[in-house]
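Student: take a look and give me a structure for this.
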Amino acid sequence: MYYGGIDAHKTYLTLAVVDKAGELVHRRKRIPIGAGEPLLKELEGFRPLQVVVETCPFWPWIHDLLAPTEIDFHLAHASKLEAIASAHTKTDSVDAELLARMLQGDLIPGAYPKPPAQREMARLVRHRAMMVKDRTRCINRVHNQLHQKGIQGERETLLRDKGREWLEKTVWPDLSAEQQTLVGGQLELADWFTSKIEELDKRIEREAGNHRAASLLQTIPGVGPYRGFLFAAELLPIGRFESPGRLVSYAGLAPTVKQSGSGHPRHGPIPRGANRWVRGELISTIPNHVQHAPDSSLTLYYQGLKERLGWPTARVAAARKLCRVIYAMLSTGELWRG
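Tutor: Residues are numbered from 1 along each chain as shown. Okay, here's the model as predicted:
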């Protein structure tokens, strides 16, 4: 058995191969990115072979190149590779060799390499999410100009006809010529983003309607085509999570815990190193769920915590509970039961 470590950069790869005893048997620098033949040629003669690469923008290309071969591909969670991050001597060759040795010693913190079809699902919903953020930035720039005139307005108002009418009739005369130019340009951009978001929503609705897991999750009040499709794209296959608790941790909804010796554990904030797409949508689902299902067990749980701990803590706790429900639904195929 051989173990290969690949250190990937923008234009080239560095490869190191060790044998089952951990001895370095091959090293090659400057293998060009995007050209499959040079990498495959370097891997010839080492069989059976397992290869590992860190999460980076280039891993999908390497994964798809090796998929038709008999080489086993492993994806390493970059943020958890503390051995590489804390090394005193850090070069491409050292990193590649250390990756190979960690793979040989079964010490790789694994990440799930999404297959091409699932990556396409994720690209679609993430594209839509980024378009919404870009539109929000445009609206925020408009509000910044209004604030300079001492004018306040609700954030969502300017995305509606009523808000535009208020801006045109009440606010516009108070703006300077440059402010009018800036505000007009940002509103045009926001309208363009809105049209593109609507196009994406139609695509997502079609895709979600034809996807079994996404359709299943839409039975949860507050989860529409976009959220159902996003959860399916980011969480499947659900069997890669050993328990609901593992899924909660992956979603970044498990509070951090610090304890030393016999001291009491200290609970901190939810961690940052998690799937921010899933975490954000789970938390955002709660107010929509409360609105559409005021008598559900999840709503009652949220309302009870809200009275004692406040809405921010209650929303995260309810999102954590919803995450466990999603785990059960995807594992069993059962519909939402409330």
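Student: can you pull out the strands in the stretch 101-250 of the chain?
Tutor: 110-111 (DSSP state E, counting those that start in this stretch).
Student: show me the helices in it, by range?
Tutor: 116-147, 161-166, 177-209, 212-217, 225-235, 244-250 (DSSP state H, counting those that start in this stretch).
Student: mind listing what Glu82 touches?
Tutor: Residues in contact with Glu82 (Cβ atoms under 8 Å, 6 or more residues apart in numbering): none are found. The C-beta positions use only the backbone N, C-alpha and C, and glycine is treated the same way.
Student: ok, it to Ala76 distance?
Tutor: 12 Å (Cβ to Cβ, to the nearest Å).
Student: what do you get for Phe231?
Tutor: On the measure of Cβ to Cβ, Phe231 and Ala76 end up 25 Å apart.
Student: out of these two, which sits in the busier spot?
Tutor: Ranked by neighbour count (other Cβ atoms under 10 Å), Phe231 and Ala76 place Phe231 first, with 28 against 24.
Student: ok, the nearest residue to that one once chain neighbours are set aside to Tyr226 distance?
Tutor: In this structure, Phe231 finds its nearest non-sequential neighbour in Leu217, 5.4 Å apart by Cβ to Cβ, 6 or more residues apart in numbering. Applying Cβ to Cβ, the value for Leu217 to Tyr226 is 11 Å.
Student: higher neighbour count, the two?
Tutor: Neighbour totals were compared for Leu217 and Tyr226, and Leu217 leads with 26 against 22 (other Cβ under 10 Å).
Student: the more buried one against Ala233, yeah?
Tutor: No. Look at Leu217 against Ala233 with Cβ atoms under 8 Å: they stay out of range, at 11.1 Å.
Student: residues contacting Leu175?
Tutor: 145, 149, 183.
Student: so what's the residue count around the second one?
Tutor: I take that to be Lys149. Lys149, neighbours per other Cβ under 10 Å, totals 12.
Student: who's in contact with it?
Tutor: 171, 174-175, 179.
Student: heading C-terminal from the helix or strand bottoming out on mean pLDDT in the chain, find the next helix or strand.
Tutor: One helix or strand of the chain scores below all others by mean pLDDT, DSSP states H and E: strand 266-267, with a mean of 58. Sequence-wise, the next helix or strand downstream of strand 266-267 (DSSP states H and E) is helix 276-292.
Student: pLDDT at the residue nearest to Phe231, what is it?
Tutor: pLDDT, the model's per-residue confidence, is 98 for Leu217.
Student: what about the stretch 1-150 of the chain, any weak spots by pLDDT?
Tutor: The model of the stretch 1-150 of the chain has pLDDT under 70 over residues 83-88.
Student: and the nearest residue to Glu42 once chain neighbours are set aside, which of the three is it?
Tutor: Closest residue in space to Glu42, ignoring its immediate chain neighbours: Arg28 at 5.0 Å, by Cβ to Cβ, 6+ apart. The three-state label given to Arg28 by DSSP: H, G, I helix; E, B strand; the rest coil is strand.
Student: for Gly45, see how far away Arg28 is.
Tutor: From Arg28 to Gly45 the distance is 13 Å (Cβ to Cβ).
Student: higher neighbour count, the two?
Tutor: Arg28 (17 against 11).
Student: quick check: that one touching Ile6?
Tutor: No. With contact defined as Cβ under 8 Å, Arg28 does not reach Ile6; the gap is 10.1 Å.
Student: list residues touching both of the two?
Tutor: Common neighbours of Arg28 and Ile6 (Cβ under 8 Å, 6+ apart) are 14-15.
Student: for the closest residue to Ala233 other than its chain neighbours, grab the count of nearby residues.
Tutor: In this structure, Ala233 finds its nearest non-sequential neighbour in Met121, 3.7 Å apart by Cβ to Cβ, 6+ apart. Using other Cβ under 10 Å, the number of residues around Met121 comes to 21.
Student: how much space between Met121 and Leu189?
Tutor: From Met121 to Leu189 the distance is 27 Å (Cβ to Cβ).
Student: for Ala21, see how far away Arg227 is.
Tutor: 49 Å.
Student: more neighbours, these two?
Tutor: Remark: of Arg227 and Ala21, Arg227 carries more neighbours, 23 against 7, as counted by other Cβ under 10 Å.
Student: is the more buried one in contact with Val278, as I believe?
Tutor: No. Using Cβ under 8 Å as the test, Arg227 is too far from Val278 to be in contact (9.9 Å).
Student: farthest pair in the contacts of Lys149?
Tutor: For these, the maximum inter-member distance is 9.8 Å, found between Val171 and Gln179 (Cβ to Cβ).
Student: thank you, goodbye.
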